[in-house]
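1. Sequence and predicted structure, then a few things I'm wondering about:
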Amino acid sequence: MNAKIIILVGLAAVVTADSRELRGYGDSQQSFESFESGDAKYNFNWAVKDDDSGNDFGHQEGRDGDNTQGSYYVHLPDGRLQQVAYQVVGDDGYIADVQYEGEARYPDSYESASFESRESPRYAPPRPAYYESNESK
């Protein structure tokens with residue numbers, strides 16, 4: 001019985017290999033076409049500005065073939081605006097120009113901060129609790 005199963009599995013493998021060659025998968029002389037549909041070309045931009053939470057950031061980018069250019073900005077928690085302009089040309093790599101506007105401000109205490117502190121709250125260790133046993137000694 002086991003021999004019949006092994007022969008059947010082997011026969012199925014041979015049939016599968018033959019059908020793959022008929023479809024062109026097994027031919028090593030065949031040239032494969034690239035899956036890319038040509039040069040990439042796109043433009044996008046987006047921005048978020050919410051005065052209640054203080055969120056203000058955005059991004060824009062454009063690409064034409066191997067040339068990509070873009071920029072993004074974000075308001076940092078210390079009050080500065082960070083702006084990054086970048087470009088990528090072919091395989092030359094990512095080239096960024098980072099600029100900051102404003103001066104960093106750090107509050108003296110949590111109460112004087114205009115934004116929510118990122119520090120986690122401090123907790124005191126739990127007080128010990130003692131229980132009396134009802135069992136007689």
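-> Here it is on my side, so go on. Numbers count the residues shown, from 1 in each chain.

2. following the lowest-mean-pLDDT helix or strand in the chain, which helix or strand shows up next?
-> Lowest by mean pLDDT, DSSP states H and E among the helices and strands of the chain is helix 2-22, with a mean of 66. As assigned by DSSP states H and E, the chain's next helix or strand after helix 2-22 is strand 41-50.

3. Pull out the CA atoms of that next one and give them to me as PDB.
-> Backbone C-alpha positions of strand 41-50 (Å, rounded to 0.1, in the frame of the first residue of the first chain) are rendered in PDB as follows:
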ATOM      1  CA  LYS A  41       5.700  59.200 -11.700                       C
ATOM      2  CA  TYR A  42       3.600  60.700  -8.900                       C
ATOM      3  CA  ASN A  43       2.900  63.700  -6.700                       C
ATOM      4  CA  PHE A  44       1.200  63.900  -3.300                       C
ATOM      5  CA  ASN A  45       0.900  66.100  -0.300                       C
ATOM      6  CA  TRP A  46      -1.000  66.100   2.900                       C
ATOM      7  CA  ALA A  47      -1.100  68.200   6.100                       C
ATOM      8  CA  VAL A  48      -2.600  68.100   9.600                       C
ATOM      9  CA  LYS A  49      -3.300  71.200  11.700                       C
ATOM     10  CA  ASP A  50      -5.300  70.900  14.900                       C
END
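
4. strand partners of that strand, parallel vs antiparallel please.
-> When pairing is defined by DSSP bridges, strand 41-50 lines up against strand 55-64 (antiparallel).

5. Run through who's touching the strand it pairs with.
-> Identification of contacts with strand 55-64 by CB atoms under 8 Å, 6 or more residues apart in numbering yields 39-50, 68-75. Placement of C-beta: from N, CA and C, glycine included.

6. now with 10 Å?
-> Residues from elsewhere that reach strand 55-64 (CB atoms under 10 Å, 6 or more residues apart in numbering): 39-50, 68-76, 81-82, 84, 86, 88.

7. Quick one, which of the residues you listed are buried?
-> Neighbour counting with 16 or more other CB atoms under 10 Å marks 68, 70-75, 82, 88 as buried within those.

8. Strands - which of these land there?
-> Counted as lying in strands by DSSP state E, out of those, are 68, 70-75, 82, 88.
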